[in-house]
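Novice: Sequence first, predicted model second:
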Amino acid sequence: MTLSLGASRMMRQVFLALLALCAWSWASFVWAADARITRTEPLIIDGQITMDLDASVSLSQVVREAAGRGVPLYFTVDLKITSARWWWLNKVIVDTSLTRRVTYNTVTQQWRVASGDLFLPVASLDEALAVISQVRAWPVAPVDRFATDTRYDGKVRIRLDTSQLARPMRLDATNRGAWSLTSPWASFDFSIRPPESAR
């Protein structure tokens, strides 16, 4: 009889532990970070291969709270373009990155998105993420680096770049999955058409 009651009590404790684990997992799912590239379009503008791209970025609650306390967030877009070589590894034509920074001034209560020395004031973190999620006319390489009628393969991703955080935050970020945010590589391809002959 005592053994039966003990087993029942143990089963109840296991059930409660599983229930708590499910609740924790659900909360983690609701606030899970996610990033993906939704559109890529290489274009030729003023003698340059440029990239337009759209992304979808959502942050964990931990990262959102840190940003609201004034911790800057760095988002980096990585781009690689290669051409196939049958006798060797693919030739890397472009390997470049674009980094933009989201900051919140706790004194002025203003959000900013910065790229280099240029910045754009925005009303909220969500508006800042909307800006981060769109890249337009990003010059990546001169067009004369590419041969005509040749297929080029590219891939692009967006990530939360924790390597640029202040050292104490960087160490913390390394140990916390909430700060891990990298989209899968999104693939694309293109070729350069020869100019039409003058008639």
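Specialist: In hand now; what should we look at?

Novice: what's across from the closest residue to residue 183 other than its chain neighbours in the sheet?
Specialist: Leaving aside its chain neighbours, residue 183 sits nearest to residue 35 (3.9 Å; criterion: Cβ to Cβ, 6 or more residues apart in numbering). For every residue, glycine as well, the C-beta is placed using N, CA and C. In this entry, residue 35 is beta-bridged to residue 57, by DSSP bridges.

Novice: okay, residue 35: pLDDT?
Specialist: We have a pLDDT of 96 for residue 35.

Novice: okay, now it: neighbour count?
Specialist: By other Cβ atoms under 10 Å, 20 other residues sit near residue 35.

Novice: Who are the contact partners of it?
Specialist: Residues in contact with residue 35, defined by Cβ atoms under 8 Å, 6 or more residues apart in numbering, are 55, 56, 57, 58, 158, 159, 160, 181, 182, 183.

Novice: Now the first one: which helix or strand?
Specialist: Following DSSP states H and E, one finds residue 55 within strand 48-58.

Novice: Now tell me what touches that strand from outside.
Specialist: With Cβ under 8 Å, 6+ apart, strand 48-58 has contacts from 32-44, 75, 77, 79, 81, 94, 129, 132-143, 145-146, 156, 158, 181, 183.

Novice: Using PDB, write out every CA atom in the helix or strand in which residue 92 is found.
Specialist: Assigning secondary structure by DSSP H and E places residue 92 in strand 91-105. Written as PDB, here are the backbone C-alpha positions of strand 91-105 (Å, rounded to 0.1, in the frame of the first residue of the first chain):
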ATOM      1  CA  LYS A  91      35.600  30.900 -58.300                       C
ATOM      2  CA  VAL A  92      34.500  33.500 -55.700                       C
ATOM      3  CA  ILE A  93      33.600  36.700 -57.400                       C
ATOM      4  CA  VAL A  94      32.100  38.600 -54.500                       C
ATOM      5  CA  ASP A  95      32.400  38.000 -50.700                       C
ATOM      6  CA  THR A  96      31.100  41.100 -48.900                       C
ATOM      7  CA  SER A  97      28.900  42.200 -46.000                       C
ATOM      8  CA  LEU A  98      26.700  45.100 -45.100                       C
ATOM      9  CA  THR A  99      26.200  46.000 -41.400                       C
ATOM     10  CA  ARG A 100      23.500  48.300 -39.900                       C
ATOM     11  CA  ARG A 101      23.000  49.300 -36.300                       C
ATOM     12  CA  VAL A 102      19.900  49.800 -34.300                       C
ATOM     13  CA  THR A 103      20.200  52.000 -31.200                       C
ATOM     14  CA  TYR A 104      17.900  53.400 -28.600                       C
ATOM     15  CA  ASN A 105      18.800  56.600 -26.700                       C
END
